[in-house]
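>>> Here is my input, please return the structure:
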Amino acid sequence: MMTIDKTTAIQLYSKMLLIRYCEETIAVRYHLEKKMRCPTHLCTGQEAVAAAAGQALRQDDFAVSTHRAHGHYLGKGGDLNRMIAEIYGKKSGCSGGWGGSMHLVDRSVGFIGSTAIVAGTIPVGVGLGLSIKLKKTDQISCVFLGDAATEEGVFYESVNFAVLKKLPVLFICENNLYSVYSPLKVRQPEGRSIASMVQGIGCPAVNGNGNDVIESYEKISKAIDSIRNGNGPVFLEFSTYRWREHCGPDFDNHIGYRSGKEFEEWKTKDPIEAFEQKILSDEIADKNMINELKTETQSRVDNAFNLAELAEFPEFSSNPGFEEIAR
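Residues are numbered from 1 along each chain as shown. Next up is the predicted model:
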């Protein structure tokens, strides 16, 4: 039986659908139109953690993300129309058309930014946690990161500082097994658990199935409760898997860094399909409601792309670095 209420279940499902339909529409239109001229890192297959975190966090909580940020942005409540406009480089984009896919901001929902630099937003997120503590609010700073970010020195410095100062920071690591084309086995010692390693720094850490949206939501919610109660940072490591290539809209299994068998096995763990079946079996929704949600979601996505097509490009003089360029 479902361990969450009906409203939350439908909201989680809707968030995952929005992320999936958005990403897959980008994938279809990217080469076809050749109008999205920034690199895109898609998260198809990894929707559950982003949806769960966005559902569990409050609007005034902060979040920072990685180069694979679309799901985190949408899950947190970021504006779909402004995100697509940003990817098209339009003035109405969430970063004015100057940032592109990897530099998304929506302060109205606490999404403070994403970056192309691996681990680059981790110290920013910890700094936001320090600001929360200094202002004595009950907000949380959520830091999204990948498994490769745990190999950067700034990760250890940031976690150590967060533990030392007992900061309200939630670290969410989506371990999708690969850093570009390099699997864990060539980057980290065999058998290492990232969560256990972080525990050794003094930060409570938990593993989870990142393709199970209910488990992800419950573990994130529990961590948030602990942090809001003043217990300091928590680290969550969720196992998951990206379906498409590291950077771009295509599939890249043919280049040999991962096997077709591995890919197909992970596709059977599709977080959306699994949750949809659970919703139906537990009578949270029927087929008609599911189909309506899918139709409405695709319509929202299509409308966002149409608006982006019609939007204007920014003036060169509006570029934040214009004065430097002019000199």
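>>> Could you look up the SS state of Ser226?
Per DSSP: H, G, I helix; E, B strand; the rest coil, the secondary structure class of Ser226 is helix.
>>> Contacts only, for it.
For Ser226, the contact set (C-beta atoms under 8 Å, 6 or more residues apart in numbering) comprises 204, 234. Where you see a C-beta, it was placed from the backbone N, CA and C, and this is true even at glycine.
>>> Go again with 6 Å.
Contact analysis of Ser226 by C-beta atoms under 6 Å, 6 or more residues apart in numbering lists Val234.
>>> My read is that Lys15 contacts Val49, right?
No - between Lys15 and Val49 there is no contact under C-beta atoms under 6 Å: 10.9 Å.
>>> So which of those two has more stuff around it?
Between Lys15 and Val49, counted using other C-beta atoms under 10 Å, the more crowded position is Val49 (31 against 25).
>>> count of neighbours near Asn160?
Asn160 has 14 neighbouring residues, counting by other C-beta under 10 Å.
>>> Secondary structure element holding the nearest residue to it once chain neighbours are set aside?
Of all residues not flanking Asn160 in the chain, Ile201 sits nearest, at 5.9 Å (C-beta to C-beta, 6 or more residues apart in numbering). For Ile201, there is no helix or strand it lies in under DSSP states H and E.
>>> Ok, Glu215 next?
Glu215 belongs to helix 213-228, assigned by DSSP H and E.
>>> now that helix: mean pLDDT?
Averaging pLDDT along helix 213-228 yields 98.
>>> buried residues in that helix?
Buried residues in helix 213-228, counted by 16 or more other C-beta atoms under 10 Å: 213-221, 223-224, 226-227.
>>> Could I get the residues you listed in TSV, plus columns for distance to Glu309?
Output for these, formatted as TSV (distance: C-beta to C-beta, whole Å):
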residue	distance to Glu309
Val213	32
Ile214	37
Glu215	39
Ser216	34
Tyr217	35
Glu218	40
Lys219	40
Ile220	36
Ser221	39
Ala223	40
Ile224	39
Ser226	45
Ile227	42
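>>> Just the closest of those to Lys165, please.
Ile227 (13.0 Å; C-beta to C-beta).
>>> neighbours around the residue nearest to the closest one when sequence neighbours are not counted, how many?
Nearest in space to Ile227, with sequence neighbours left out and distances taken as C-beta to C-beta, 6+ apart, is Pro168 at 4.9 Å. Pro168 is flanked by 29 other residues according to other C-beta under 10 Å.
>>> Nearest residue to Glu157 in space, please, no chain neighbours.
Using C-beta to C-beta, 6+ apart, the closest residue to Glu157 is Pro123 (7.3 Å).
>>> ok so the one you found is a strand residue?
No - under three-state DSSP, Pro123 falls outside any strand and is assigned helix.
>>> Assign Gly208 to helix, strand or coil.
Reduced to three states by three-state DSSP, Gly208 is strand.
>>> Who is it paired with across the strands?
Beta bridges link Gly208 to Phe238 when assigned by DSSP bridges.
>>> if I look at it, how far off is Ala9?
18 Å (C-beta to C-beta, to the nearest Å).
>>> Tell me where the stretch 51-200 of the chain has helices.
70-75, 80-87, 122-135, 153-164, 194-199 (DSSP state H, counting those that start in this stretch).
>>> The residue nearest to Ile227 and Cys203, how far apart?
Pro168 is 13 Å from Cys203, where distance means C-beta to C-beta.
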